[in-house]
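*Asks:* Give me a 3D structure for the following:
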Amino acid sequence: MSKMLKIILGLVGVLVVVVLAAVIIIPLFVDPNDYRDDIARAVTEETGRDFEITGEVSLSVFPWLGLEVGSMRLGNPQGFGDAPFVEIGSAAVGARLMPLLSRRLEVSRLRLEGLRLNLVRQADGTANWEGLGAAGETGAAGTGTAEGGEADGGAPQDIGPEGAGGTFRLERVAGLQLTDALVRFEDRAAGTVVEVSVPVLSTGELAPGEPFELEAESVVTFDEGASRLDAELEATVQLAEDFGAVMLRDVGLTGGFEADGQRRPFALRVPQLDADLEAQTLAIPDVSAEMAGVEASLDVTGASIIDAPSFRGRVVVATFSPRGAFEQLGIAPPETADPDVLESASLQADYVADPSQARLEELVAVLDESTLEGTASIGFGEILRVRAEMALDAIDLDRYLPPATDAPAEQAPTEDVELAFDWLRTLDLDASFSAGRVKLNGLVMTELEARAVARDGVLDLQPLGAALYEGRMDGNVRLDARETPARLSVAQSLSGFQLLPFARDLADFERLTGVAEFDADLSTRAATTAELVSGLDGELAFDLADGAFKGVNLWYEIQRAYALAKGRAAPARTSPDTDFRRLAGTAVIRDGKLVNDDLSAGLPFLGVTGRGEVDLSAGTLDYRLNATVLREVADEATGETAELAGATLPLRLSGTLDSPSVSVDVAGMLRDKATEEALRRLGVDPAEGQSLEEGLKERAEDTFRSLKDRFRKDDDGS
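*Replies:* Next up, the predicted model:
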């Protein structure tokens, strides 16, 4: 036993001597700076980029086996300039010597100072980080698994070869220290530059299964300092002993966004984050964020976070003032007709997201007094797949429009803009929308419903309907972009429509009353904005019943014009309005012009027929009308049959749609009456449609034949 003890003590003594000799001899006789060129050459060969170590390299042995390197730099690939790809001021790492003898790894604080990383993407899309380490990946692939088996990912804390004495077990790392780091990203295609500086990032002691503190500061600048984001991070981190799980507690991220000389603070709080890398699960409950007076909360649950990540949870944005948020962000709020809008908003929804889709469920969005509810999803891929079902209770959009002004309206741009619908060919859409009440430009629609379906380059809006002023609007719209130019088709009907409240809400116009029926079937080729109207074709029909045009008495105006033409005093006005029993017609639209050949109207004393056209592009109209006075109409002064009874008066409607004008051709009517009387005296029925010239010619021919016959008889008698 004593002999064995002597042998053990002897071995320990030898080991102590060897260690002491290494501690003394290695620093005296081994200068790591002699190997700088060899190291630089090896890195250059491996990466294909110039690498150099310009700082001193120092080596320590006891009590730490450590390495400290001064400044280093790795160059950019050809075509990216002379600036280095990465540059390091200094770096240091060490391991405690004595624990290594028992295959335990205790690492000193890992220190990295003065990191400079320059990332560049060229205008052609190439980047200076592409291909880096490609040579090394081939070699790694050959040694990533043990012979005859798979790589062992179950114990990442075990480091080193299996064969020569077993593995090293990582016991602890004294900490990480990153100071004065800067990452610069330049996108030359977009012309943007983003810089991320990290003045300091440090941790407490890292040991498997033990929590440690993490602190960091960073500043992100955009557009060469035009705006910046500063942030401070604090968290408690814990790694599982087998490194298969990560736990964060009390994560706090605070900072501010600065632009135009004004800083807007923000805060993010994460009480708990648990990531199980073995089970591939993630749980982040009760996340809260605040910025510009907006407070939001979020929870996240993740599954298959490595192989096929998917996440679900709930997001809630508490009630806030959009107008106030704009102001705090230094953005001028939009001017609105109602200054009391944009004062209250909120949002809540469940969400599901994975690389193939994102979906919102049980969405409730509130803006002022309006509430939108529903679901929506987007599927990603070569074909964008959109699904939605939304319901709105009520909204007055006029409150959100710009306020009215006395200044003259700006002229609409006259440029003819080309229309492109390539996006429609890669869209798969099925979205439905309903609203209880919508007001826009003074018009009120209720029971609004619409469904949009897009597939293979065709977009259909069907149904497209609403209750409108005691009537109903129904129809559909189709945009077919399978060919160029695209074709737009509209089929719409309107029934039981009350004109008075409609005209009052639309333009504060209270002169027109009645019930309207309307049908339209229109189409156009939509290659440009101008062709939307100029290329319009189709048919429409209208029928107005039991109405009146207030403020104008057409019968009085006819009587008045007739009296003036006769040199008489104008009759008394008995009513200020023109009533009509029916106004109807059909029209054809060709090349942007509406042609109507069968206009008819029934008034108490008049029957109106006519034809004309409306140039929809120019906004002008030209109608020729005939107003026939009914034979039973009585003269308002005498009560006897009116002198105009049975007469037909030519009317002309011309001018613009905004300001039409009506003229009554009384002189023409009088000429027609005189012609009729002359034709009757000539024995010609005016109903036959002959002109006075034709009647006179026919009477002269009859007289000539009569005289000729008389002369012939006289000759025979003599």
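*Asks:* From now on I want contacts and neighbour counts done on CA atoms only, so please keep to that.
*Replies:* Fine.
*Asks:* burial measure for Thr236, as a count.
*Replies:* By other C-alpha atoms under 10 Å, 18 other residues sit near Thr236.
*Asks:* who's in contact with it?
*Replies:* Pro211, Phe212, Glu213, Leu214, Leu248, Arg249, Asp250, Val251 (C-alpha atoms under 8 Å, 6 or more residues apart in numbering).
*Asks:* Make a markdown table from those residues and add distance to Pro63 and pLDDT to it.
*Replies:* Converted to a markdown table, these look like this (distance: C-alpha to C-alpha, whole Å; pLDDT from 0 to 100):
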| residue | distance to Pro63 | pLDDT |
| --- | --- | --- |
| Pro211 | 26 | 93 |
| Phe212 | 24 | 93 |
| Glu213 | 26 | 95 |
| Leu214 | 27 | 94 |
| Leu248 | 33 | 95 |
| Arg249 | 34 | 95 |
| Asp250 | 36 | 96 |
| Val251 | 36 | 96 |
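*Asks:* what about burial for the residues you listed, which qualify?
*Replies:* When neighbours are counted using 16 or more other C-alpha atoms under 10 Å, these contain these buried positions: Pro211, Phe212, Glu213, Leu214, Leu248, Arg249, Val251.
*Asks:* Helix or strand for the last one, just tell me which one.
*Replies:* Yep, that's Val251 we're talking about. Using DSSP states H and E, Val251 sits within strand 245-259.
*Asks:* CA-only coordinates of the very next helix or strand once past that strand in PDB, if you can.
*Replies:* Moving toward the C-terminus from strand 245-259, the next helix or strand (DSSP H and E) is strand 262-276. Extracted in PDB, the C-alpha atoms of strand 262-276 (Å, rounded to 0.1, in the frame of the first residue of the first chain):
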ATOM      1  CA  GLN A 262     -37.500  65.500 -31.700                       C
ATOM      2  CA  ARG A 263     -37.100  62.300 -29.700                       C
ATOM      3  CA  ARG A 264     -40.100  59.900 -29.200                       C
ATOM      4  CA  PRO A 265     -39.500  57.400 -26.400                       C
ATOM      5  CA  PHE A 266     -40.700  53.800 -26.400                       C
ATOM      6  CA  ALA A 267     -40.600  50.900 -24.000                       C
ATOM      7  CA  LEU A 268     -41.000  47.100 -24.400                       C
ATOM      8  CA  ARG A 269     -41.400  44.700 -21.500                       C
ATOM      9  CA  VAL A 270     -41.200  40.900 -21.700                       C
ATOM     10  CA  PRO A 271     -41.800  39.400 -18.200                       C
ATOM     11  CA  GLN A 272     -41.000  35.800 -19.500                       C
ATOM     12  CA  LEU A 273     -39.700  34.000 -22.500                       C
ATOM     13  CA  ASP A 274     -39.200  30.200 -22.600                       C
ATOM     14  CA  ALA A 275     -37.700  28.500 -25.600                       C
ATOM     15  CA  ASP A 276     -37.300  24.700 -25.500                       C
END
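*Asks:* Quickly run through the sheet partners of strand 262-276, with directions.
*Replies:* Sheet pairing for strand 262-276, assigned by DSSP bridges, gives strand 245-259 (antiparallel), strand 281-291 (antiparallel).
*Asks:* And the shortest one, how far out from the chain middle?
*Replies:* The one in question is strand 281-291. 27 Å (C-alpha atoms, centre = their mean, to the nearest Å).
*Asks:* The longest one too?
*Replies:* With C-alpha atoms, centre = their mean as the basis, the distance from the averaged C-alpha position of strand 245-259 to the chain average is 30 Å.
*Asks:* list the buried ones in that strand?
*Replies:* 245-249, 251-258.
*Asks:* what does the last one give?
*Replies:* The neighbour-count criterion (16+ other C-alpha under 10 Å) identifies Thr281, Leu282, Ala283, Ile284, Pro285, Asp286, Val287, Ser288, Ala289, Glu290, Met291 as the buried residues of strand 281-291.
*Asks:* contacting residues around it?
*Replies:* Contacts for strand 281-291 (C-alpha under 8 Å, 6+ apart): 264-276, 295-305.
*Asks:* Out of the residues you listed, which end up buried?
*Replies:* Applying 16+ other C-alpha under 10 Å to those flags 265-276, 295-305 as buried.
*Asks:* who's in contact with Arg611?
*Replies:* Arg611 touches Val595, Asn596, Asp597, Asp598, Leu599, Tyr623, Arg624, Leu625, counting by C-alpha under 8 Å, 6+ apart.
*Asks:* For Thr628, see how far away it is.
*Replies:* According to C-alpha to C-alpha, to the nearest Å, Arg611 and Thr628 sit 15 Å apart.
*Asks:* confidence score at Pro413?
*Replies:* Listed pLDDT for Pro413 reads 50.
*Asks:* hang on, isn't Ile558 packed against Leu651?
*Replies:* No: if you go by C-alpha atoms under 8 Å, Ile558 and Leu651 don't touch, sitting 10.0 Å apart.
*Asks:* shared neighbours of the two, anything?
*Replies:* Val664.
*Asks:* so Glu213 bridges to which residues?
*Replies:* Thr236.
*Asks:* Please tell me how far Gly313 sits from Glu87.
*Replies:* Here Gly313 is placed at a distance of 42 Å from Glu87 (C-alpha to C-alpha).
*Asks:* Sorry, slip of the keys, the one I care about is Gly256.
*Replies:* Taken as C-alpha to C-alpha, the span from Gly256 to Glu87 is 29 Å.
*Asks:* do the same with Ala431
*Replies:* Distance from Ala431 to Glu87, counting by C-alpha to C-alpha: 53 Å.
*Asks:* Can you pick out the residue with more neighbours from those two?
*Replies:* Per other C-alpha under 10 Å, whichever of Ala431 and Glu87 has more neighbours is Glu87, with 23 against 18.
*Asks:* just checking, Ala345 touches Leu367?
*Replies:* Yes: between Ala345 and Leu367 there is a contact at 4.5 Å, judged by C-alpha under 8 Å.
*Asks:* What does the pLDDT read for the residue lying closest to Leu424 once chain neighbours are set aside?
*Replies:* Excluding the flanking residues, the one nearest Leu424 by C-alpha to C-alpha, 6 or more residues apart in numbering is Gly457, at 5.0 Å. pLDDT for Gly457: 93.
*Asks:* Against Arg387, how distant is Gly457?
*Replies:* Going from Gly457 to Arg387 by C-alpha to C-alpha gives 17 Å.
*Asks:* do the same with Leu273
*Replies:* From Leu273 to Arg387 the distance is 32 Å (C-alpha to C-alpha).
*Asks:* and Glu234, how many neighbours does it have?
*Replies:* When neighbours are counted by other C-alpha under 10 Å, Glu234 registers 18.
*Asks:* now it: how far from Asp124?
*Replies:* From Glu234 across to Asp124, the span is 40 Å (C-alpha to C-alpha).
*Asks:* Quick one: the helices in this protein, in order.
*Replies:* Along the chain, counting by DSSP state H, helices occupy 2-29, 36-47, 97-101, 134-143, 322-328, 499-507, 531-534, 554-566, 666-681, 692-717.
*Asks:* Mean pLDDT lowest where, among those?
*Replies:* Among the helices of the chain, helix 134-143 scores lowest, at a mean of 41.
*Asks:* who touches stretch 312-320?
*Replies:* By C-alpha under 8 Å, 6+ apart, the residues outside stretch 312-320 that reach it are 293-302, 343-353.
*Asks:* if we go to 7 Å?
*Replies:* Stretch 312-320 has contacts (C-alpha atoms under 7 Å, 6 or more residues apart in numbering) with 293-302, 344-353.
*Asks:* tell me the mean pLDDT over that stretch?
*Replies:* 97.
*Asks:* CA atoms of that stretch as CSV?
*Replies:* Provided in CSV are the C-alpha atoms of stretch 312-320 (Å, rounded to 0.1, in the frame of the first residue of the first chain):
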residue,chain,number,x,y,z
ARG,A,312,-50.2,32.0,-32.5
GLY,A,313,-51.4,34.3,-29.9
ARG,A,314,-53.4,37.5,-29.3
VAL,A,315,-52.7,41.2,-29.8
VAL,A,316,-54.5,44.0,-28.1
VAL,A,317,-54.0,47.7,-28.7
ALA,A,318,-55.7,49.7,-25.9
THR,A,319,-57.8,52.7,-26.7
PHE,A,320,-55.7,55.6,-27.8
